[in-house]
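In: how would this look folded up:
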Amino acid sequence: MKRRIFSLALVFFVGFITLGISPTVAEASDAKIILLDAPHTDLLGASLNTELSASLLPTGLLGQMIYEPVSKPRIWLIDAALIDEVTALAVKEPAAQNWLTQLKIMSIGDTVVAVPYGHPDISLAKRLAPSELTYYYDSSKTKLQVALGREVLIERGARWTTTGTKVVADAVHSYTLNRRAIALLSTVVPAQQLDDLRSKLAFLISSGSTTKRQLYFAHNADLALASANHKLRIVPGKYRLTSEHEKVPITLVNDFSAPVRVTLQLTPLNSRIKAGGPETLSLAANSKTQLSIPFTVIAPGSTAVLAEFRNSAGKSLGDSVILTLSVSVISPAVAWFTTGAAILLFLAAITQSVRRVRRSRK
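Out: This is a model prediction of the structure:
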């Protein structure tokens, strides 16, 4: 019901709301057609509902806007997030492809303005991360130009709602943490590999979003970020060392479709062993790489090593893992120490015996 009210509000705004578009873009008397909607898929690509298909029909809410648009002169304000969803749906549903074709035809000769991706609440986006708002504008423009095959404008004075959106604290917190995590991951992963996730973070602060939807996307963003981090990982394992100097095979995985350059950092959690120093390496796209890492045994027993990826600035990436090692060899250093101690004890015992013999003779 709330989604229907939201969409109906968009229809009401068409041609009636003043959006603050500069006269250099279009005359104030031009009618406005606003094409955006609440997300129908989440940040992991899972479908949330089937409402989009019906809305794209000529009799649907989004269909009416392009099959029976207001008269010229007019301006189209379009959120590329909606176009992305329609494009994905067009692979299996002719109605979606027909809608896209009709949009291209009806917008010929009209001005098309990009709404920032995910139509975030402008005031909140400016306050939380102005650079990300710029990114949402640029991302939406780029995607729309590809989808429509024409020039698209950015007009920062344009508005698609007359009221602000109250975003709950959990959504703001998730938005901030995940935005920073993506920025950190992008120091080793090409930005294009993270564009989809970065763009969709705007869903957490979308204008007109309900509290329930905000909380859903806050949790969903955490899962999506964890999934992205998992694409670059170290495989945990258990190993047994039987010699003083031994190499341990460690498997590194890069599931991104582009090579990444990282530093492998190994930190023993006690002094029983020494691990090889940090190693900077390039992992091929969609690959599993096995490295032989040298270890030096100091003392026998069980130990563990913290393994993690770091960027060129030394900052940890993703989740660290624990490598468990069982050391069953006595290193020469330990052997010499033990032997030396035994010899000293033996000499001390002889000395004490000699002294007793001398005292007894007196």
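In: Nearest the geometric middle of the chain, what residue?
Out: The residue lying closest to the centre of the chain (C-alpha atoms, centre = their mean) is Leu225, at 3.9 Å.
In: Against which helices or strands is the strand or helix carrying it packed?
Out: Assigned by DSSP states H and E, Leu225 belongs to helix 211-230. With contacts defined as 3 or more C-beta pairs under 8 Å, 6 or more residues apart in numbering; DSSP states H and E, the packing partners of helix 211-230 are helix 169-185, helix 195-200, strand 316-327. Placement of C-beta: from N, CA and C, glycine included.
In: all strands for the stretch 1-150 of the chain, in order.
Out: 31-35, 74-79, 111-115 (DSSP state E, counting those that start in this stretch).
In: got JSON lines for the ones you listed, with distance to Ala125 too?
Out: As requested, the strands of the stretch 1-150 of the chain are arranged in JSON lines below (distance: least, C-beta to C-beta, whole Å):
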{"stretch": "strand 31-35", "distance to Ala125": "18"}
{"stretch": "strand 74-79", "distance to Ala125": "14"}
{"stretch": "strand 111-115", "distance to Ala125": "12"}
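In: Wait, the residue nearest to the centre of the chain touches Ile182, no?
Out: Yes: look at Leu225 against Ile182 with C-beta atoms under 8 Å: they come within range, at 7.0 Å.
In: any common contacting residues for the two?
Out: Shared contacts of Leu225 and Ile182, defined by C-beta atoms under 8 Å, 6 or more residues apart in numbering, are found at Leu197.
In: where are the low-confidence patches of the stretch 201-350 of the chain?
Out: Judged by pLDDT under 70, the stretch 201-350 of the chain has its weakly predicted residues at 329-349.
In: try it again with 80
Out: For the stretch 201-350 of the chain, the stretches with pLDDT under 80 are 277, 329-350.
In: Tell me where it has strands.
Out: Going by DSSP E, counting those that start in this stretch, the stretch 201-350 of the chain shows strands at 232-234, 237-241, 245-254, 260-268, 273-275, 279-283, 287-297, 301-310, 316-327.
In: Can you name the residues in contact with the third one?
Out: This points to strand 245-254. Outside strand 245-254, the residues within contact range by C-beta under 8 Å, 6+ apart are 231-235, 237, 239, 241, 260, 264, 281, 283-297, 307, 323, 325.
In: If any of these are buried, give me the PyMOL selection for them.
Out: Buried subset of the contacts of strand 245-254, written as a PyMOL selection, criterion 16 or more other C-beta atoms under 10 Å:
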select buried, resi 231+232+233+234+239+241+260+264+283+293+295+297+307+323+325
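In: And the protein, what are its domain boundaries?
Out: Per the record, the chain has its domains at 2-168, 232-330, 338-362, by automatic domain parsing.
In: Put together CSV for those domains, with distance to Lys212 on each row.
Out: Shown next, in CSV, are those (distance: least, C-beta to C-beta, whole Å):
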stretch, distance to Lys212
domain 2-168, 9
domain 232-330, 29
domain 338-362, 67
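In: re earlier: go through the strands of the stretch 1-150 of the chain and name the closest to Ala96.
Out: Ala96 lies closest to strand 31-35 among the strands of the stretch 1-150 of the chain, at 13.6 Å (C-beta to C-beta).
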